[in-house]
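> Got a predicted structure plus its sequence, pasted below:
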Amino acid sequence: MQASIFNLRVPLPGDDVFLMNTLTDAQIIVSSDVAALLDRGGDDSALDQEARQAFRQLEENGFLVPSRDHDRQGLNDYLAGVKSSRTELNVTVLTTLQCNFACDYCYQGDHGDYNKFADKMSLETAARIATWIEREMDRVNPEKFVLTFFGGEPLLNLPVLYYLAERLWQASERRRLPQMLTIITNGLLLTEAVVERLLPFGLRGVKITLDGDKETHDRMRPLRGGQGTFDRIIENIRRIAGRCKIAIGGNFDESSVESFPALLEFLRTQEFADQLVKVNFKPVVRPGQAQPLPGASRPSLAADGAGARTTLALTPVAADGSPLKPLNGTCMTSTGAGIGATCDSCDFLDDKMAFLRDETRRHGFPTPDGVHNGPCHVHHTHAHTIGPDGSLYACPGFTGEKGLSTGHVDDRLDPLRQAARQQFDRLSPWNACGDCAFIPVCAGGCIAASHATLGDMNTPACHKRAYESAVISLAHQSAGAS
Ligand code: SF4
Ligand code: SF4
C-alpha cells in the first residue's frame with residue numbers, strides 16, 4: 001500500500017494532524033504517528049494490533065491505496081460518474097442580457113450600449129425552451145429539476161420568468177419531480193410580489209450581489225444614471241426575508257476588499273441576518289492576467305512523500321486590468337470571466353479570499369469552505385445554460401460567445417455548434433495538473449476563466465494557493481468542532 005495522491009495533511013496544534021482525501025472526501029484528525037503510517041506504506045504485517053487497526057482505517061477511507069494507477073483509475077471513474085450523473089437536470093435560463101446596473105467591472109469593459117441592443121427572450125422562445133426542457137426531463141429521468149434564472153438582470157423580463165416557472169412547475173409535477181427554483185439577481189426589482197408569485201412554483205432561494213459596504217457598493221454597482229442601489233436592495237431583502245432562502249454574493253477587487261468587513265458588520269446587525277443561508281465573496285478576475293501551470297510544478301500541499309511545497313500563481317486581482325473580454329451582456333457577477341458564479345465553483349481566490357472567508361465566519365454567516373468547489377457544471381452532461389435566443393451553452397461563463405454555443409433548443413445542427421459541443425465533450429484540463437491532490441474538487445479550475453484569461457480551455461488557470469489556504473482553514477475548523 002502507499003499514500004494516495006489525493007491526500008492532504010495539515011498539522012494541527014499539539015500532536016494532531018488533519019487528513020483529507022479529496023477523492024473519497026474522507027476527513028479525519030489523527031495523531032502524528034498514525035499519519036506517519038502513510039509514509040511507511042507497505043503492508044500491516046509488522047504492525048501491532050493498534051497500529052494495524054489504524055492502518056486499515058486509513059485504507060478503508062482511501063488514504064492508503066494499492067498503487068498510483070489505482071488512484072488514477074479512481075479519479076477517472078469519479079469524473080466519468082460526475083459527467084454522466086442523472087441525479088439532477090440543471091438548467092440555467094438567461095431571460096435577458098439587458099441590465100439596469102452599470103457595474104464598475106462590467107460596464108467599463110464592454111457593455112456600454114447593451115441595454116439598448118441586448119437580447120431579451122420572447123415568450124415564443126420561452127415556449128420552445130420549455131418544450132425542450134420537458135423532453136430532457138423525459139430523456140434524463142432525473143431525481144430533481146434545478147432551474148436558475150439569470151441574466152443580464154433576469155427580473156427585467158418577468159413575463160418570461162413567470163411563464164417558465166409556471167409551465168416547468170406543471171411539467172415537473174406531472175413527472176413527480178421536485179422543481180427547485182433560484183434567481184440570481186442584482187436585487188433591485190426583487191419585491192415581495194415577485195417572491196409571492198414564484199413561491200408556489202418551487203422558488204427556493206435568491207442570490208443577491210452586494211459589493212462591499214454602502215459607499216463601496218454604490219460606487220461599484222450604481223444604476224445607469226449613477227444613483228446608488230445599496231439602500232433599495234437592503235430594503236428589498238428586509239421585505240422578503242423569511243419567505244425564501246437568501247444568499248449574498250459579492251465581488252471584490254483591490255479597491256473594494258477592505259470594505260467587506262464593514263458590510264458583514266452591517267449585515268450582522270440586520271433583523272434578517274439569521275435568514276442569510278450563505279455569504280460568499282469572490283475576486284473580480286481581470287482577463288489576461290492569469291498564468292498557466294508551470295510545466296515543472298508538482299503541486300502538493302502536504303507531505304505525502306511529495307517533498308517541497310510548490311506555490312502556483314494565482315490570478316492577480318487588480319483594479320486596473322487589461323481590457324475586459326466581451327461577454328456580450330452575460331452578467332459578470334456570475335460568469336467565468338467576471339467572476340463570481342452561478343455555480344459557486346468559481347472560487348478564484350487569493351489571500352484576500354481566505355481573509356474574507358474567515359471574516360464571514362467570524363460574523364456568524366455560513367460560507368462555502370473553499371475546498372469543495374467542483375467539478376463544476378461545465379463537466380456535467382445534464383447541466384445546461386440557455387441564452388435568450390434559445391442557444392445552448394456548456395455553462396453561464398460562455399453565454400456571450402455565440403461561437404461557443406453547443407446547440408439550440410430547436411435542434412438546429414450547424415458545424416460551429418457541433419464543433420463546440422465536441423470541444424466541451426473532450427475537455428480534460430486536469431490532465432495538465434499532474435498529481436495535484438485537488439483534482440477531484442477542482443478538475444483543473446474554471447474553463448471559462450481559462451478561456452478568457454489564457455485563451456485555452458484545457459490550460460488550467462490554477463488557484464492552488466487558494467485551495468491550500470482553504471484546506472488549512474477547514475482543518476482548523478474541524479479541529480475546533482471536534
Ligand atoms: S467553467 Fe467556470 S463559469 Fe463555467 S460552470 Fe465551471 S466554474 Fe462556473
Ligand atoms: S488547476 Fe486545480 S487541479 Fe490543477 S493544479 Fe491547480 S489546483 Fe490543482
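That came through, no problem. Ligands and ions are numbered 1, 2, ... in the order given.
> which parts of stretch 447-459 are buried?
Residues 447-454, 457-459 are the ones in stretch 447-459 that count as buried (16 or more other C-beta atoms under 10 Å). The way it works is simple: take the backbone N, C-alpha and C, and place the C-beta from them, glycine included.
> Please state the offset of that stretch from the chain centre?
16 Å (C-alpha atoms, centre = their mean, to the nearest Å).
> Could you work out the end-to-end span of that stretch for me?
8 Å (C-alpha to C-alpha, to the nearest Å).
> Stretch 144-155 too?
24 Å.
> And that stretch, what's buried?
145-155.
> Narrow those residues to those in strands?
In this view, those that belong to strands under DSSP state E are 145-150.
> how about the residues you listed in TSV, adding pLDDT and distance to Leu161?
Formatted as TSV, these follow (pLDDT from 0 to 100; distance: C-beta to C-beta, whole Å):
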residue	pLDDT	distance to Leu161
Phe145	98	16
Val146	97	16
Leu147	97	10
Thr148	96	11
Phe149	97	5
Phe150	92	10
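> Can you add distance to His363 and give those residues back as CSV?
Below are these laid out as CSV (distance: C-beta to C-beta, whole Å):
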residue, distance to His363
Phe145, 34
Val146, 29
Leu147, 31
Thr148, 27
Phe149, 29
Phe150, 27
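> follow-up on the earlier one: so which of the buried residues of stretch 144-155 comes closest to Ala193?
The closest of the buried residues of stretch 144-155 to Ala193 turns out to be Leu155 (C-beta to C-beta; 11.1 Å).
> Where does the residue lying closest to that closest one once chain neighbours are set aside sit: helix, strand or coil?
Excluding the flanking residues, the one nearest Leu155 by C-beta to C-beta, 6 or more residues apart in numbering is Leu189, at 4.1 Å. Of the three states, Leu189 takes coil according to DSSP: H, G, I helix; E, B strand; the rest coil.
> What about Leu189, how many residues nearby?
Other residues lying near Leu189 total 16 when counted by other C-beta atoms under 10 Å.
> now it: how far from Thr96?
12 Å (C-beta to C-beta, to the nearest Å).
> Overlap of the contact sets of these two?
Shared contacts of Leu189 and Thr96, defined by C-beta atoms under 8 Å, 6 or more residues apart in numbering, comprise 153, 156.
> Give the burial count for Met353, as a bare number.
Look at Met353: counted by other C-beta under 10 Å, it has 25 neighbours.
> Name the residues that touch the helix or strand where it lies?
Element membership of Met353 [criterion: DSSP states H and E] is helix 351-362. Helix 351-362 has contacts (C-beta under 8 Å, 6+ apart) with 252, 257, 260-261, 264, 279-283, 317, 347, 367-368, 370, 465-466, 469-470, 473, 477.
> Keep only those of those that are in helices.
Among those, the members found in helices (DSSP state H) are 260-261, 264, 465-466, 469-470, 473, 477.
> For this structure, give me the ranges with low pLDDT.
By pLDDT under 70, the low-scoring segments of the chain are 105-117, 285-350, 481-482.
> just so I have it, where are all the strands in it?
Using DSSP E, strands in the chain cover 2-3, 7-11, 16-21, 26-31, 64-65, 88-94, 144-150, 179-185, 203-209, 245-252, 276-283, 383-386, 391-393, 407-408.
> From the chain's centroid, how far away is the fourth one?
It stands for strand 26-31. On the basis of C-alpha atoms, centre = their mean, strand 26-31 sits 26 Å off its chain's mean C-alpha point.
> try stretch 174-187
Stretch 174-187 has its C-alpha centroid displaced from the chain centroid by 18 Å (C-alpha atoms, centre = their mean).
> Check which residues of it are buried.
Neighbour count says stretch 174-187 has 177, 179-187 buried, by 16+ other C-beta under 10 Å.
> Going by distance to Val206, which of the residues you listed wins?
Nearest to Val206 out of the buried residues of stretch 174-187 is Ile183 (C-beta to C-beta; 4.9 Å).
> any idea how far that closest one is from ligand 1?
17 Å (C-beta to the nearest ligand atom, to the nearest Å).
> Which residue or residues pair with that residue through a beta bridge?
Phe149, Val206 (DSSP bridges).
> tell me the contacts of it?
Taking C-beta under 8 Å, 6+ apart, one finds 148-150, 154-155, 161, 190, 198, 203, 205-207 in contact with Ile183.
> can you redo the residues you listed as TSV with distance to Asp104?
TSV is the format used below for those (distance: C-beta to C-beta, whole Å):
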residue	distance to Asp104
Thr148	25
Phe149	24
Phe150	20
Pro154	21
Leu155	21
Leu161	26
Leu190	21
Leu198	30
Leu203	30
Gly205	26
Val206	23
Lys207	20
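> how many other residues sit next to the residue in the stretch 51-200 of the chain positioned nearest to ligand 1?
As assessed by C-beta to the nearest ligand atom, ligand 1 sits closest to Thr92 within the stretch 51-200 of the chain, at 9.2 Å. By other C-beta under 10 Å, 25 other residues sit near Thr92.
> Surely it touches Gly387?
No - taking contacts as C-beta atoms under 8 Å, Thr92 lies outside contact range of Gly387: 9.9 Å.
> what does stretch 60-72 contact?
1-7, 19, 21, 23-24, 26, 28, 37-38, 41, 55, 58-59, 74, 435.
> which of the residues you listed are buried?
Judged by 16+ other C-beta under 10 Å, buried ones among these: 1-7, 19, 21, 23-24, 26, 28, 37-38, 55, 58-59, 74, 435.
> sorry, back to before: out of the contacts of stretch 60-72, who's near ligand 1?
When contact is defined as C-beta under 6 Å from any ligand atom, the contacts of stretch 60-72 do not meet ligand 1 at all.
> Provide a list of residues in contact with the nearest residue to Arg204 once chain neighbours are set aside.
Leaving aside its sequence neighbours, Arg204 sits nearest to Met180 (C-beta to C-beta, 6+ apart; 5.0 Å). Listed by C-beta under 8 Å, 6+ apart, the contact partners of Met180 are 144-147, 202, 204.
> Now Tyr393. Nearest residue, chain neighbours left out?
Nearest residue to Tyr393 in three dimensions, chain neighbours excluded: Thr385, at 4.3 Å (C-beta to C-beta, 6+ apart).
> so what's that neighbour up against?
Residues counted as contacts of Thr385 (C-beta under 8 Å, 6+ apart) are 91-94, 377, 392-396, 398-399.
> Any idea how many residues pack against Pro159?
By other C-beta under 10 Å, the residues close to Pro159 number 12.
> can you count the residues close to the nearest residue to it once chain neighbours are set aside?
Leaving aside its sequence neighbours, Pro159 sits nearest to Leu123 (C-beta to C-beta, 6+ apart; 6.3 Å). By other C-beta under 10 Å, 11 other residues sit near Leu123.
> before we move on, what about the one 10 residues further on?
Other residues near Ile133 number 22, with proximity taken as other C-beta under 10 Å.
> mind checking how far it is from ligand 2?
Taking C-beta to the nearest ligand atom as the measure, Ile133 falls 32 Å from ligand 2.
> Go ahead and confirm that residue touches Trp169.
No - counting by C-beta under 8 Å, Ile133 does not reach Trp169; the two are 11.5 Å apart.
> which residues does the residue of the chain positioned farthest from its centre contact?
Largest separation from the mean C-alpha position in the chain: Ala46, at 45.6 Å (C-alpha atoms, centre = their mean). By C-beta under 8 Å, 6+ apart, no residues touch Ala46.
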